[in-house]
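> coordinates only, sequence not included:
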């Protein structure tokens, strides 16, 4: 009997040793708990426009500080670029450069040099010396009116980017013609939005949308729950309460120029603020142009020349990384992206 018990114990031990322990059951990993995203926003009125910022992040204090810094940058640039402020550096140049060279800050000099290059590349369709025309047509601090042809002819002699004389060595600006006046309307918002975006990035923000008057926009990253980017609507120029296209922006910009932004009717025609500096008259044939580019200064600067020069010129000259959406004043051509 003792031998039978001993044998059974030995068999049990051998069986137990022959079968390895069962592997532990792996439990599915717990899903990572995403920190709650905070939202901060703010706005400021500068340069005759309203600039807005919306940002998301995990640290609410960091967000609020970054938004405040970006809005402060817009206020700083108002002192540099606004032609509505008599004390701004831009206004000082307009007052004095017709009489003598005006020494300016490196920041303003570099921006004016960029403007001259935009003018050269656009064959004069972009031109910040269009100021006298904007005043003659009543679009400076006004909604516009139809001037006499003689008035237009007289101010055309004061317009032309080649009359903007820049001296890199001495960092000075001089007007070659009497009556010249620079208008920052085609460049100031884009430059300011880019600078505000840099401030946000420097403050560690990775999700934000910065807008200048709703027409010049830059997107940092993407908003929560939308990996495609920030959704921005392009208005139908024939019915601005409706969208004609949606765009998702992610680390890039979009600017729009449309005849519905500032305009008046006279003589049965719509006259918009988008001035062709070569003719002295508002440009005709286009309803709106929207451009998506890596930098807002480029999208804003090129929106008006593409509007003025039209589809064929734009198709031939636009850089490959520019996306252009055009609405022409033709019933047989639908609004569409250029291929």
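Nice, I can see it. Quick caveat: nothing in here was measured; it's all calculated off a predicted structure.

> what residues are up against residue 280?
Going by CB atoms under 8 Å, 6 or more residues apart in numbering, residue 280 touches 133, 152-153, 155-156, 159. Bear in mind the C-beta positions are built from the backbone N, C-alpha and C, glycine included.

> From residue 113, how far out is it?
Separation of residue 280 from residue 113 (CB to CB, to the nearest Å) stands at 26 Å.

> returning to that earlier point: which one of the contacts of residue 280 sits in the busiest neighbourhood?
Among these, residue 133 has the most neighbours (other CB atoms under 10 Å), with 28 neighbours.

> my guess is it contacts residue 276, does it?
No: applying CB atoms under 8 Å, one finds residue 133 not in contact with residue 276, separated by 9.0 Å.

> Now residue 234: closest residue in space that isn't a chain neighbour?
residue 245 (4.4 Å; CB to CB, 6 or more residues apart in numbering).

> Look at that neighbour and say how many residues are nearby.
Residues lying near residue 245 (other CB under 10 Å) number 15.

> Name the helix or strand for it, please.
strand 239-249 (DSSP states H and E).

> And residue 108, by the same measure?
Here residue 108 is assigned to helix 106-121, by DSSP H and E.

> now that helix: mean pLDDT?
Averaging pLDDT along helix 106-121 yields 98.

> Run through the neighbouring helices and strands of it.
Applying 3 or more CB pairs under 8 Å, 6 or more residues apart in numbering; DSSP states H and E, one finds that helix 106-121 contacts helix 60-81, helix 89-96, strand 164-167, helix 296-317.

> any residues touching the helix or strand following the third one, and which ones?
Next in sequence after strand 164-167, counting helices and strands by DSSP H and E, comes strand 172-175. Among residues not part of strand 172-175, those counted as contacts by CB under 8 Å, 6+ apart are 93, 97-98, 100-104, 109, 112, 163-167.

> Looking at the residues you listed, which is nearest residue 319?
Closest to residue 319 out of the contacts of strand 172-175 is residue 112 (22.1 Å), distances taken as CB to CB.

> Hmm, residue 165 and the closest one touching each other?
No: in this structure, residue 112 is not within contact of residue 165 by CB under 8 Å, at 10.3 Å.

> Settle it for me: which of those two has more neighbours?
Applying other CB under 10 Å to residue 112 and residue 165 shows that residue 112 carries more neighbours, namely 20 against 13.

> Enumerate every residue touching that one.
Counted by CB under 8 Å, 6+ apart, residue 112 has contacts 104, 128, 164, 166, 173, 182.

> and if you look at residue 70?
Going by CB under 8 Å, 6+ apart, residue 70 touches 42, 53, 196-197, 199-200, 210.

> go again using 7 Å as the cut-off
Listed by CB atoms under 7 Å, 6 or more residues apart in numbering, the contact partners of residue 70 are 53, 196, 199-200, 210.

> and those, which of them are in helices?
Secondary structure from DSSP state H places 196, 199-200 of the contacts of residue 70 in helices.

> which one of those is nearest residue 297?
residue 196 (11.9 Å).

> if I read this right, that closest one contacts residue 211, doesn't it?
No: counting by CB atoms under 7 Å, residue 196 does not reach residue 211; the two are 9.5 Å apart.

> which residues sit in contact with the residue lying closest to residue 194 once chain neighbours are set aside?
Distance criterion CB to CB, 6+ apart; nearest residue to residue 194, sequence neighbours excluded, is residue 296 at 4.8 Å. By CB under 7 Å, 6+ apart, the contact list for residue 296 reads 190, 193-194, 216, 218, 253, 255.

> Quick one: the residues you listed as a markdown table, columns for distance to residue 291, pLDDT and secondary structure too.
Shown next, in a markdown table, are the contacts of residue 296 (distance: CB to CB, whole Å; pLDDT from 0 to 100; DSSP: H, G, I helix; E, B strand; the rest coil):
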| residue | distance to residue 291 | pLDDT | secondary structure |
| --- | --- | --- | --- |
| 190 | 10 | 98 | helix |
| 193 | 13 | 98 | helix |
| 194 | 14 | 98 | helix |
| 216 | 10 | 97 | strand |
| 218 | 13 | 98 | strand |
| 253 | 8 | 98 | strand |
| 255 | 6 | 98 | strand |
